[in-house]
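Enquirer: after the sequence you'll find the predicted model.
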Amino acid sequence: MKVFLKTGFVLTTTLILSCNTQTNNESRKKLSDSSIGSSNKHSEDYSKEENKPKTTSSESITSLYFTDISLSIHSFISEESEIDFSQVQENTLYIYLGYDSDPIENQIVSITKNSLNNLKIEQRIQTSIGVYMKDGEAGSCSLEDWKNDYSKWRSLKLNSLNQFTYSAYSDKEEQFFNIPLEEVKNELIKRCGTNTLGELKSVHEMPCEIFVSRLDLRITGKRIDTGKLVVLNLHFIPPTGC
C-alpha cells in the first residue's frame, strides 16, 4: 500500500523515488523508526496502556464490541484517538492507526458474538491524491480532505475455520482516482500554489501521487429477534509519510 508524505520538509528526487518503490511494510517501519526519534508525543500516547486494545500474550488480537456483534481482528492495532476498546462501540467507528500498528490487510477477522442473520462482511479502500512541490515550498500538498475515490465493495474470504480474511490490494488495484485533472489543479492552486515538482499531466504520473487513505470494513445483517437491518461501518485510517 502506497503512502504519501504529508510534512513540510523539502523533497529531493532520491527521496521521491525511494517512496514510490517501498513496500507497505518497509514504509511503515521507516515511519515508526523516524517518528519515535523525532517526537515525544507518540511515546507519551503509547504509555497510556488503558487505551490500548486488548491483546493476548501468544498472539496480538484486537477485540471490538458492538451491540449486535463482537469481532476480533488477529492483528495489533495502536489507536491514535484514545478509543476505549473495552467498551461497546457505535455502529460507525473511525480508527486512526498508529505507526506501530500491524497492517489490516491479510489479517483474519473472527466473529465472537453474533445476534444477526444473513451476515455479510465486505471491504473496500478509499484513495486520495497528493502533489509533490518544488524546493522552497511545502514538500508536498495532500488533498486527502478534499475529494476521494472508492473501490467496489467485495466480500471477505471465508476459511475452513469459519474465519474471514481482509484481502490485500495490489499496487495496480490501488491506482484509481477518477477525479478530473483540472479539478485537482484548481484545488492545488488554492491550497499550495503552482510551484509543483514538474508539470501536472495526469493524476497517475509524478508529481501526483495516488495513495490509500482509508480501509473500510462493512458488516450487515438482520437481527434474529426483530428482523431489523443492522449496518456496521469500520473505517481504518493508516498513517501516511515516507
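Expert: Received it, and whenever you're ready, just let me know what you need.
Enquirer: wait, Asn114 sits on Ile69?
Expert: Yes - contact between Asn114 and Ile69 holds when scored by Cβ atoms under 8 Å: they sit 5.2 Å apart. (C-beta placed from N, C-alpha, C; glycine too.)
Enquirer: shared neighbours of those two, anything?
Expert: Gly221 (Cβ atoms under 8 Å, 6 or more residues apart in numbering).
Enquirer: please enumerate the strands of the protein.
Expert: 62-65, 69-73, 92-96, 107-114, 116-132, 140-142, 149-150, 154-155, 157-158, 164-166, 208-223, 229-237 (DSSP state E).
Enquirer: which of those sits closest to Leu197?
Expert: Nearest to Leu197, of all the strands of the chain, is strand 116-132, at 4.3 Å by Cβ to Cβ.
Enquirer: just the C-alphas of the closest one, formatted as CSV.
Expert: Extracted C-alpha coordinates of strand 116-132, given in CSV (Å, rounded to 0.1, in the frame of the first residue of the first chain):
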residue,chain,number,x,y,z
LEU,A,116,-27.6,-11.3,13.3
ASN,A,117,-28.9,-13.5,10.4
ASN,A,118,-27.8,-13.2,6.8
LEU,A,119,-24.4,-11.9,7.9
LYS,A,120,-22.3,-10.2,5.1
ILE,A,121,-18.8,-8.8,5.6
GLU,A,122,-17.3,-6.6,2.9
GLN,A,123,-14.2,-4.5,2.4
ARG,A,124,-13.1,-1.6,0.2
ILE,A,125,-10.4,1.1,0.1
GLN,A,126,-10.6,4.9,-0.2
THR,A,127,-7.9,6.6,-2.4
SER,A,128,-6.7,10.2,-2.2
ILE,A,129,-4.2,12.3,-4.1
GLY,A,130,-1.2,14.5,-3.2
VAL,A,131,1.2,16.5,-5.2
TYR,A,132,4.9,17.0,-4.7
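Enquirer: now it: average pLDDT?
Expert: Averaged across strand 116-132, the pLDDT comes to 96.
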